[in-house]
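Q: The following comprises the amino acid sequence and a computationally predicted model.
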Amino acid sequence: MKKKIIQVVIVAIIALILLVAYLNIPDSNEITNNTVSYPLFSDLEQTSYKNSTLWNIVNASLELNKTFYSSDSEISDIVEWYENKENIEEYEIIDGGSRGISTTNIDPYNISYGYVKIHKNNKTEGLFLFAIKSIKEMNIEKENLIGIATGPWDLIKNCKKIGNFTSLE
């Protein structure tokens, strides 16, 4: 009898742990940064791509949470989605958006890119997103690479658009 009670208790504990883990999984269309959630464009897929040079080019601090995504959506569609107040109700766009879509030179390519910088209305947390047309050297299966950095607004506000540079290495 005692053995059966122990088994039931163990099963109950495991069930409770699984329930707590399930409830803590963020919605797949949001990025969670500590206690702040950010909207995530629908077809972004997290990728294992690693490149610190790109983060350095956009001046993303080491203390920020940084993730690369890939997408087959047009850069303009991704960036403009973040301009739409219906998609980011609690946030304010500070820089970029459709006015931040341009091209840059990565020899021998001219690369399309866009960026957006937003902050939560209280200006304590922010998000910086850049999207660039992927090139074969990136080994990304989708059309575009998207970098998203999140964290304290004091660090996000220092992120900047991509300028001209000659290499991704």
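A: Thanks, I have it. As the structure is a prediction and not an experimental result, all values here were calculated from the model.
Q: can I assume E92 sits in a strand?
A: Yes. The assignment for E92 is a strand, going by DSSP: H, G, I helix; E, B strand; the rest coil.
Q: need the longest strand for the chain.
A: The longest strand of the chain (DSSP state E) is strand 109-120.
Q: Walk me through which strands that one pairs with, and which way each runs.
A: Using DSSP bridges, the strands paired with strand 109-120 are strand 91-96 (antiparallel), strand 102-106 (antiparallel), strand 125-133 (antiparallel).
Q: In that strand, which residues are buried?
A: By neighbour count on 16 or more other C-beta atoms under 10 Å, the buried set for strand 109-120 is I111, S112, Y113, G114, Y115, V116, K117, I118, H119, K120. No exception for glycine: its C-beta is placed from N, CA and C like everyone else's.
Q: Please name the bridge partners of the third one.
A: What it means is Y113. The partner residues for Y113, given DSSP bridges, come to S102, I132.
Q: Now do it, the pLDDT please.
A: For Y113, the model assigns a pLDDT of 83.
Q: contacting residues for it?
A: Taking C-beta atoms under 8 Å, 6 or more residues apart in numbering, we find Y113 in contact with I75, I101, S102, T103, T104, F130, A131, I132, K133, K161, I162.
Q: tally of neighbours for the residue nearest to E80 when sequence neighbours are not counted?
A: Distance criterion C-beta to C-beta, 6 or more residues apart in numbering; nearest residue to E80, sequence neighbours excluded, is S98 at 5.2 Å. Applying other C-beta atoms under 10 Å, we find 12 residues neighbouring S98.
Q: where does this structure dip in pLDDT?
A: Residues of the chain meeting the criterion pLDDT under 70: 6-37, 99-100, 104-108, 110, 121, 163-169.
Q: can you give me the strands for it?
A: 30-33, 36-39, 45-46, 65-71, 91-96, 102-106, 109-120, 125-133, 144-152.
Q: could you dump these to a markdown table with distance to E83?
A: Output for these, formatted as a markdown table (distance: least, C-beta to C-beta, whole Å):
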| stretch | distance to E83 |
| --- | --- |
| strand 30-33 | 18 |
| strand 36-39 | 12 |
| strand 45-46 | 22 |
| strand 65-71 | 17 |
| strand 91-96 | 6 |
| strand 102-106 | 16 |
| strand 109-120 | 7 |
| strand 125-133 | 11 |
| strand 144-152 | 15 |
